[in-house]
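[1] Build the 3D model from these lines:
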Amino acid sequence: MNLYNLPPGLPDTGRLEFQDLLKLRSRAEERGLRLICIENVPVRFYNKIMLGQDGREQQLANMQETVRNLGRAGIPIFGYHFIATGVWRTGWDTPVRGGAISNSFKMELAAKAPLSYDREYHEDEMWANYDWYLERLLPVAEEYGVRLALHPDDPPVPKLGGVPRLFRNFENFKRAMDTHASPMHGLDFCHGCWSEMRSGAGVIDAIQHFGKRIFYVHMRDVQGGGDEFTECFIDEGNSNILHVMRALKDTGFNGFIIDDHVPHLVNDTPYGHRGRAYATGYLRAMLDAIRD
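    Numbering: from 1, shown residues only. This next block holds a predicted model:
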């Protein structure tokens, strides 16, 4: 369940509360589902942590309590990112196959954006802020049995809005995983972002390297690379999704796979139910194709 934006009825206390999380888990179980992961909290819950600003100590205390509450509520994964400036696109009505509408990104347009915060930030200080955070959050996750799953930057470019984007390539993910090595620290492997990084190259290599540290997968794809790409249907992007699924299976991956951003079909809902039905059906077919 993605809580990047809090749904109606969930109080905005700067952290996720135990009883609210327990209600969400119970609501899922009453409908025959399992709530395995909470993805994200609003950026305002930890923006001072990401930028090293005054007030980060209180935000840290709230994030530590959020992780404790996830463990207490029996929700075993917390998907997180370190993207102070959020997900960026420069086109929101990009036509794709069959008259569907998708979105796109062009760095030449985004490069003209003003600063997102008070000043330009530097990569070294962003790494220092990230390390400060993980050094204090990961021990809590280990104590309460909650796995932390890191999502890539989207788009994976060096800087947007004056803020560096750390998790834009294999080398930086390796640095984060090596520095904060723990069975409770791994990846939310967003295939679309990894495909964006090098126009599809290196995706299989990353899966093979990180292996069992991939906790779960966002499965979408794009046409193009980090500086210019269009999100497309799952079966026409940079990657051969069958090969990707086989690579995950070969590593012993046993997490979950979810559809991610999808093109909107004619008469689709705002959530993209028709586009998601297509993506989910395609992924189910890929699972059938690799099943022993």
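[2] moving C-terminal of whatever helix or strand residue 209 lives in, what's the next helix or strand?
    Per DSSP states H and E: residue 209 is located in helix 203-210. Using DSSP H and E, the helix or strand that directly follows helix 203-210 along the chain is strand 214-219.
[3] chain center to that following strand: distance?
    9 Å (C-alpha atoms, centre = their mean, to the nearest Å).
[4] Identify all contacting residues around it.
    36-37, 77, 79, 147, 149, 151, 186-193, 207, 234, 241, 244, 248, 251, 253, 255-260, 279, 283 (C-beta atoms under 8 Å, 6 or more residues apart in numbering). Every residue, glycine included, has its C-beta placed from N, CA and C.
[5] and residue 94, bridged to which residues?
    Counting by DSSP bridges, residue 94 is bridged to residue 102.
[6] That one reaches residue 230, doesn't it?
    Yes. The pair residue 94 / residue 230 is scored as a contact, 5.5 Å apart, by C-beta atoms under 8 Å.
[7] shared neighbours, those two?
    102-104.
[8] Any chance of JSON lines for these, columns neighbour count?
    As requested, those are exported to JSON lines (neighbours: other C-beta atoms under 10 Å):
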{"residue": "102", "neighbour count": "24"}
{"residue": "103", "neighbour count": "19"}
{"residue": "104", "neighbour count": "21"}
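[9] Can you show me the strands along the stretch 1-150 of the chain?
    With DSSP state E, counting those that start in this stretch, the ranges of strands along the stretch 1-150 of the chain come out as 37-39, 77-80, 91-95, 101-106, 147-150.
[10] and of those strands, who's closest to residue 126?
    strand 147-150 (14.1 Å; C-beta to C-beta).
[11] As CSV, could you dump the C-alpha coordinates of that closest one?
    What follows is strand 147-150, C-alpha atoms only, in CSV (Å, rounded to 0.1, in the frame of the first residue of the first chain):
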residue,chain,number,x,y,z
ARG,A,147,12.8,-4.9,6.0
LEU,A,148,13.8,-1.6,4.4
ALA,A,149,13.4,-1.6,0.6
LEU,A,150,15.1,1.2,-1.4
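[12] can you give me how far it is from the chain middle?
    The answer for strand 147-150 is 10 Å, by C-alpha atoms, centre = their mean.
[13] Stretch 113-128 too?
    So, by C-alpha atoms, centre = their mean, the centroid of stretch 113-128 is 21 Å from its chain's centroid.
[14] cool, stretch 61-80 as well?
    With C-alpha atoms, centre = their mean, you get 17 Å for stretch 61-80.
[15] C-alpha coordinates for it, PDB please?
    Extracted C-alpha coordinates of stretch 61-80, given in PDB (Å, rounded to 0.1, in the frame of the first residue of the first chain):
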ATOM      1  CA  ALA A  61      12.200  10.100  15.900                       C
ATOM      2  CA  ASN A  62       9.000  10.000  13.900                       C
ATOM      3  CA  MET A  63      10.400   7.700  11.300                       C
ATOM      4  CA  GLN A  64      11.900   5.400  13.900                       C
ATOM      5  CA  GLU A  65       8.500   5.200  15.500                       C
ATOM      6  CA  THR A  66       6.900   4.500  12.100                       C
ATOM      7  CA  VAL A  67       9.100   1.500  11.700                       C
ATOM      8  CA  ARG A  68       8.400   0.300  15.200                       C
ATOM      9  CA  ASN A  69       4.700   0.600  14.500                       C
ATOM     10  CA  LEU A  70       5.000  -1.400  11.300                       C
ATOM     11  CA  GLY A  71       6.700  -4.200  13.200                       C
ATOM     12  CA  ARG A  72       4.200  -4.100  16.000                       C
ATOM     13  CA  ALA A  73       1.400  -4.200  13.400                       C
ATOM     14  CA  GLY A  74       2.900  -7.200  11.600                       C
ATOM     15  CA  ILE A  75       3.700  -5.400   8.300                       C
ATOM     16  CA  PRO A  76       7.100  -6.800   7.400                       C
ATOM     17  CA  ILE A  77       8.400  -4.400   4.700                       C
ATOM     18  CA  PHE A  78       8.800  -0.600   4.500                       C
ATOM     19  CA  GLY A  79       9.500   0.700   1.000                       C
ATOM     20  CA  TYR A  80      11.400   4.000   1.000                       C
END
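[16] Could you pull out the buried residues of that stretch?
    Within stretch 61-80, the residues scored as buried using 16 or more other C-beta atoms under 10 Å are 62-73, 75-80.
[17] quick one: low-confidence parts of the stretch 101-250 of the chain?
    By pLDDT under 70, the stretch 101-250 of the chain contains no weakly predicted segment.
[18] what are the ranges of the helices in it?
    107-110, 123-144, 170-179, 191-197, 203-210, 241-250 (DSSP state H, counting those that start in this stretch).
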